[in-house]
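**Q** sharing a model prediction with you, sequence too.
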Amino acid sequence: MSDTRRVLVTGAAGFIGFHVAARLAAQGIEVLGVDNVNDYYDVALKEARLSELRQHPSFRFARLDIADSEAFTREMAAFAPDVVIHLAAQAGVRYSLDHPHAYVRSNLSGFLTILEACRHHPVSHLIYASSSSVYGANEKVPFSEHDRADHPVSLYAATKRANELMAHTYAHLFGVRATGLRFFTVYGPWGRPDMAYFKFVQAITEGRPIDVYNNGEMERDFTYIDDVVDAIVALVDHPPSADPTFDPNRPDPATAAAPFRIYNIGNHTPVRLRDFIATIETALGRKAEQRLLPMQPGDVPATYADVDDLSAAVGFSPKTPIQEGIRRFVDWYRAFYLQEAVTR
Ligand SMILES: NC(=O)c1ccc[n+]([C@@H]2O[C@H](COP(=O)([O-])OP(=O)(O)OC[C@H]3O[C@@H](n4cnc5c(N)ncnc54)[C@H](O)[C@@H]3O)[C@@H](O)[C@H]2O)c1
């Protein structure tokens with residue numbers, strides 16, 4: 001993308017938002033990061049990401065809650081972005097079982113703020129995060145955007161699916177050009193401490209047992225962060241337009257007569273949890289003590305992405321094998337946490 005553009009990135013203190021903002025700012029693109037830096041997980045990690053971002057002269061930061069539509073809209077109007085990349089959300093499946101209101105606030109009210117801001121301060125493209133969890137009770141794999149996804153099994157997933165439907169409405173009514181990305185377990189350096197790979201590395205390093213759900217028989221598409229950022233940056237210059245082939249008599253959920261698209265963004269290579277753990281053990285040079293547990297409510301046994309559409313749109317082709325990605329995560333984890341332990 002050209003470096004005269006201005007990009008607003010929500011969730012910039014978060015894992016994916018940090019990486020996207022860093023990549024764009026490193027190219028000299030003016031980036032406004034937005035985040036409320038909430039304490040869902042380690043705030044020090046979020047602040048450390050922001051410190052990294054502040055080293056780029058073209059990065060600015062606004063600390064605000066996207067559910068506060070006045071505050072957000074003021075920043076949006078002043079910055080006048082060409083593109084909005086919306087990655088702020090209350091993430092996590094398990095947390096949604098006990099904290100449902102956090103999801104309604106950030107993911108529904110917050111998302112409405114973003115849509116309204118894009119309606120009144122038009123941008124060339126709104127890219128927003130959805131999730132593989134929208135496939136919910138679907139069992140046909142690989143998951144395809146062209147399959148219906150109407151049976152979410154967690155409130156988190158329901159809010160993400162709702163975002164897609166809300167985006168369609170704004171694309172249809174107000175011409176907001178919106179692309180939703182269904183992420184499949186993104187991992188890598190500066191990752192999220194609530195996710196299994198992070199907890200595994202932490203526990204094994206500290207000599208604690210790890211909880212392995214469904215006896216390690218679950219399958220996940222682990223997508224390395226740099227591959228995700230490559231795709232997002234490539235998509236910026238590919239806003240959707242109305243699909244002339246859309247047939248309202250046989251509506252395809254992935255596309256529309258409005259400027260609206262949905263893409264899976266996964267690695268297209270499912271990995272069994274037990275093999276994933278073996279990869280972490282190799283990277284750490286240490287064996288895990290495993291506590292085998294049943295499936296958790298709201299969890300799904302297998303997620304695996306069909307990425308043909310994203311490949312066709314922007315040549316998406318994930319490059320990072322799991323062994324390499326995990327090794328890079330472990331290197332970062334050791335440098336970040338072991339160094340911090342010394343200086344704190
Ligand atoms: N990481 C993954 O594997 C994955 C998978 C599927 C979907 N997603 C989605 O991708 C997006 C980014 O995920 P992530 O892994 O970077 O998560 P993250 O939790 O690291 O980042 C989200 C950021 O949003 C901020 N935030 C939350 N609510 C906010 C609010 N109301 N106002 C302002 N800021 C707020 C948080 O402080 C956080 O820094 C999210 O929408 C998430 O649901 C991620």
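**A** Looks like it came in fine.

**Q** would you mind measuring from the residue at the greatest distance from the centre of the chain to Pro240?
**A** When each C-alpha in the chain is compared with the mean C-alpha position (CA atoms, centre = their mean), Asn249 comes out farthest, at 32.2 Å. Using CB to CB, to the nearest Å, one gets 21 Å for the distance from Asn249 to Pro240. In this view, the C-beta of every residue, glycine as well, is placed from N, C-alpha and C.

**Q** Ile204 reaches Glu281, doesn't it?
**A** Yes: counting by CB atoms under 8 Å, Ile204 does reach Glu281; the two are 7.1 Å apart.

**Q** which residues are in contact with each of the two?
**A** 287-288 (CB atoms under 8 Å, 6 or more residues apart in numbering).

**Q** more neighbours, these two?
**A** With neighbours defined as other CB atoms under 10 Å, Ile204 and Glu281 compare such that Ile204 has more, 23 against 15.

**Q** which ones are touching that one?
**A** By CB under 8 Å, 6+ apart, the residues touching Ile204 are 210, 280-281, 284, 286-288.

**Q** try 10 Å this time
**A** With contact set as CB atoms under 10 Å, 6 or more residues apart in numbering, Ile204 has these partners: 210, 277, 280-281, 283-290, 330.

**Q** pull out the buried positions in the host helix or strand of it.
**A** With the criterion set as DSSP states H and E, the secondary-structure element containing Ile204 is helix 196-205. Neighbour counts using 16 or more other CB atoms under 10 Å place 196-198, 200-201, 203-204 of helix 196-205 among the buried residues.

**Q** what's the answer for stretch 248-267, then?
**A** Applying a neighbour-count criterion of 16+ other CB under 10 Å, one finds 253-267 buried in stretch 248-267.

**Q** how far does it stretch from one end to the other?
**A** Criterion CA to CA, to the nearest Å; first-to-last residue distance in stretch 248-267 is 31 Å.

**Q** test my guess that Ala257 contacts Asn249.
**A** No: under the contact definition of CB atoms under 10 Å, Ala257 does not touch Asn249, with a separation of 11.9 Å.

**Q** average model confidence for the helix holding Ile204?
**A** Averaging the model's pLDDT scores along helix 196-205 yields 96.

**Q** likewise for stretch 41-60?
**A** On average, stretch 41-60 scores 98.

**Q** how far does stretch 182-198 sit from the chain's center?
**A** 9 Å (CA atoms, centre = their mean, to the nearest Å).

**Q** repeat that for stretch 120-132.
**A** Shown here is stretch 120-132, whose average C-alpha point lies 13 Å from the average C-alpha point of the whole chain (CA atoms, centre = their mean).

**Q** ditto for stretch 107-126
**A** Relative to the mean C-alpha coordinate of its chain, stretch 107-126 is positioned 17 Å out (CA atoms, centre = their mean).

**Q** one more: stretch 74-82?
**A** In terms of CA atoms, centre = their mean, the centre of stretch 74-82 is set 23 Å apart from its chain centre.

**Q** quick one: contacts for Ser154?
**A** Residues near Ser154 by CB under 10 Å, 6+ apart: 92-97, 100, 103, 131, 133, 136, 160, 296-300.

**Q** show me which residues of the strand or helix carrying Leu24 are buried.
**A** Secondary-structure element containing Leu24, defined by DSSP H and E: helix 15-26. Buried positions in helix 15-26, judged by neighbour count with 16+ other CB under 10 Å: 15-25.

**Q** show me which of those residues neighbour the ligand.
**A** Of the entries in these, those that also sit close to the ligand under the rule CB under 6 Å from any ligand atom are 15-17.
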